[in-house]
Every structure is written in structure tokens, then in C-alpha cells.
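> this one's structure only:
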């Protein structure tokens, strides 16, 4: 499960712009891939040192630099110095506890998002931070792990599908944002399946495991809500911004991302209400189940109370009991007890207590 809060004490007392990694080390080694393309040509390669991508900064082609792993601060520091990135921007990339946001540095845009995926084995939502820096002819994306959802974007670049190879870096940045937002729907589909299963369990056979599943789903929805609500402001600001880095032809696609974000938010709010209602239904179901058990025990006790009274009365150790030496006393007592039990059962059924 995603931690609700990450440790921020590492940068306590440090000056602004200090490069300190905040968060878990999720990648063993930093992996850097570069894709350089235009409408006519395409080149993709994995580089060993960050210096190899510096000559691509001023090329007229579109360059996409993707970095997997944020724990080596010197790599991002060198990249920031060569591409003219503000020190606070690089600091924010290294701090994986940030909420989604957008910052305009005039010469480049900085977009921070949360990439979400659903782990079927652990049955939980996992999230990592993705930082996107948009420049005039280049895009830098920084992720915590090499596992991402950008492969469809890479495939479109390789095969020159759609508008990606024909348009500029702003359209590439849009494509990355759109891939992140669209993946939210895949996660929501898994949550919807789990919620439907939990609804059936809550009504038919509630158990402590069901309550644990409800709590897990509630935590996942809270985290999704935390990640997606700021994304609405980010997508709206990008679509309505006046940055020269985003061309008018890309605005309509960014507005579509905003619409998808609103749809995701509406779905999350619906799930939130359903899960909250399931918790109340679970408590009611458990209470009703307990009431049925107590009702059954009470009826059984009510039937045996008069029988116990008769058995106790004739079990007293007095020397003289009139019926004690009567030849039919034992059978008569049994007949009275059976008749009393049958009458009480008939009465309970007539009152629909059984």
C-alpha cells in the first residue's frame, strides 16, 4: 500500500535548491533512453552517461529524454545545469512526495504527475511520481522505476502512427500526460470489479476479510482522490495557459485530457460513496446476523425454561412428593413437557418468530 506520507527530514535545514532524494530507492540503476525524431527520421538509443544527450538540446528535431530512477542526484544536477533548469525544479523532481502541479519557467514548463498502476498479486494500487519538463524542441521525463505506461507512445513514434511524428514537443508532452490519465481508467476498472465482488459478499456473507477488503479499497480511493484532484487544476492550467511552448493546435487535445480528468474524478467520487455505503451495510449485516443468532438462542431458551422448571421441581429431594410413587407419573410429566414445547413452537411460528 502506498505510504500516506514520506519522510521529509533529509532536507531539514538545507538551503533551497539542495539536491536531496526524498523517497524510496525503487530502481537499482539509473536508465537513460533518448528518442530523437522528426517527420522523416527516427533514432532511439540507450545511453550510459547523461553527457551524451547534451548535443541534442539545440537540434531542430524533437528529442525525448527519459530517465528511470531519481536516486542519483548528480545525474539530474548535471542535466539541470546543461538544459538551464532552475535548481528548485530539479529539487522538486528529487522529492517524490509532491502533489501534482504545473510551473511555468518561461523557457520551459514543469509538470509533475502521479503514475498509477494496479498490482493484481498484492491487490493494491501503486503510485510513482513522474516529472515532465517541456522545452522548445525537447521533453525530459523522469520516473522512479523503469516500469511505465509510455510504451504505446514509443511504438507510435517508431511506426510514425498518427500525428506524433508530425507535430512538436508540446504534442509529445500531451501524449505522455494523456497516457498517464488514460491508465487511471484501467486502474478504476480493477477497483470497480473488486467493489462489485465486495458488494455481493457484504450482502450475502459478510466476514472480517470483507471488512479488510473494504478498508483497503477505501484507502486506495483516498489516495486516488489525492492524486487526481490536483491533476484537474494542472490539466486546466495547461489548456488555458498562454505559454509559447504550447501551440494552438495542441490546445484542443489538452482540453480533452481535462475532460478525461473530470470523468476520472466523478468515477472516484462514485466509488467513494459506494464504499462508504458498503461499510454501513457491513455493520448492518453483521448486526442483523447477530440478532438472528440471539433470536434463535432466545427461542430455544424460552422453550426449555418451562421444561427446566418442571424437571427441577420434580428433582427436589423432598421425602413426600404426591406424584413420586404414582405409576403413571413419569409418563404424565413427559407428556406435559412435550405438549408445552409443541404449544410454544406453534405459538412462535404463528407470530412468525421462527
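Structure's in. What do you need? Remember, predicted model here, so these are calculated numbers, not experimental data.
> So residue 203 sits against residue 284, correct?
No: using CB atoms under 8 Å, residue 203 is not in contact with residue 284; the gap is 10.0 Å. Quick note: C-beta positions are derived from backbone N, CA and C, even for glycine.
> for the host helix or strand of residue 295, packing partners?
In this structure, residue 295 sits in helix 248-313 according to DSSP states H and E. If contacts are counted by 3 or more CB pairs under 8 Å, 6 or more residues apart in numbering; DSSP states H and E, helix 248-313 sits against helix 169-204, helix 208-240, helix 329-350.
> Compile those into TSV and extend it with columns for mean pLDDT and mean neighbour count.
Listed next are these as TSV, based on pLDDT from 0 to 100; neighbours: other CB atoms under 10 Å:
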stretch	mean pLDDT	mean neighbour count
helix 169-204	86	18
helix 208-240	82	18
helix 329-350	87	13
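> excluding its backbone neighbours, what's nearest residue 348?
Once flanking residues are discounted, residue 348 sits nearest to residue 354: 4.8 Å by CB to CB, 6 or more residues apart in numbering.
> quick one: that neighbour and residue 347 touch, right?
No: contact between residue 354 and residue 347 fails when scored by CB under 8 Å: they sit 9.6 Å apart.
> Name the nearest residue to residue 187, ignoring sequence neighbours.
Per CB to CB, 6+ apart, closest to residue 187 is residue 118, 4.8 Å.
> And residue 239, by the same measure?
In space, residue 239 comes closest to residue 254 once its chain neighbours are excluded; the distance is 4.1 Å by CB to CB, 6+ apart.
> how about that neighbour, what does it touch?
Going by CB atoms under 8 Å, 6 or more residues apart in numbering, residue 254 touches 174, 177, 235, 238-239, 246.
> and which of the residues you listed is nearest residue 292?
For the contacts of residue 254, the closest approach to residue 292 (CB to CB) belongs to residue 235, at 50.9 Å.
> Quick one: residues contacting the closest one.
By CB under 8 Å, 6+ apart, the contact list for residue 235 reads 177, 181, 254, 257-258, 261.
> Recalculate using a threshold of 7 Å.
254, 257-258, 261 (CB atoms under 7 Å, 6 or more residues apart in numbering).
> ok, residues contacting stretch 333-348?
Here stretch 333-348 makes contact (CB under 7 Å, 6+ apart) with 299, 302-303, 306-307, 310, 314, 354.
> Just the buried ones out of the residues you listed, please.
residue 303 (16 or more other CB atoms under 10 Å).
> Now the two most distant members of the contacts of stretch 333-348.
314 and 354 (28.6 Å).
> circling back to that earlier point, a markdown table for the helices and strands packed on helix 248-313, including distance to residue 96?
Formatted as a markdown table, the helices and strands packed on helix 248-313 follow (distance: least, CB to CB, whole Å):
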| stretch | distance to residue 96 |
| --- | --- |
| helix 169-204 | 15 |
| helix 208-240 | 12 |
| helix 329-350 | 64 |
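> Now residue 86. Its backbone dihedrals?
phi -60, psi 150 (degrees, to the nearest 10).
> Look up the pLDDT of the closest residue in space to it that isn't next to it in sequence for me, please.
Sequence neighbours aside, residue 105 is the residue nearest to residue 86 in space, at 5.7 Å (criterion: CB to CB, 6+ apart). At residue 105, the predicted lDDT confidence score is 82.
> wait, residue 105 sits on residue 88?
No: the criterion here is CB atoms under 7 Å, and residue 105 misses it with residue 88 at 9.3 Å.
> For residue 330, see how far away residue 69 is.
Separation of residue 69 from residue 330 (CB to CB, to the nearest Å) stands at 88 Å.
> right, I mislabeled it, should have said residue 184
Separation of residue 184 from residue 330 (CB to CB): 78 Å.
> How about residue 135?
In terms of CB to CB, residue 135 sits 103 Å off from residue 330.
> Looks to me like residue 140 is in a strand.
Yes: according to DSSP: H, G, I helix; E, B strand; the rest coil, residue 140 belongs to a strand.
> In space, what's closest to it - neighbours in sequence excluded?
Residue 140's closest residue in space is residue 133 (CB to CB, 6+ apart), at 4.2 Å.
> And the one you found, which helix or strand is it part of?
Residue 133 belongs to strand 124-134, assigned by DSSP H and E.
> from the middle of its chain, how far away would that strand be?
In terms of CA atoms, centre = their mean, to the nearest Å, the centre of strand 124-134 is set 13 Å apart from its chain centre.
> quick check: angle from that strand to helix 208-240?
10 degrees (axes from the mean of the first three to the mean of the last three CA atoms, to 10 degrees).
> Neighbouring strands of strand 124-134 in the sheet, and parallel or not?
strand 109-119 (antiparallel), strand 138-143 (antiparallel) (DSSP bridges).
> That'll do, ta.
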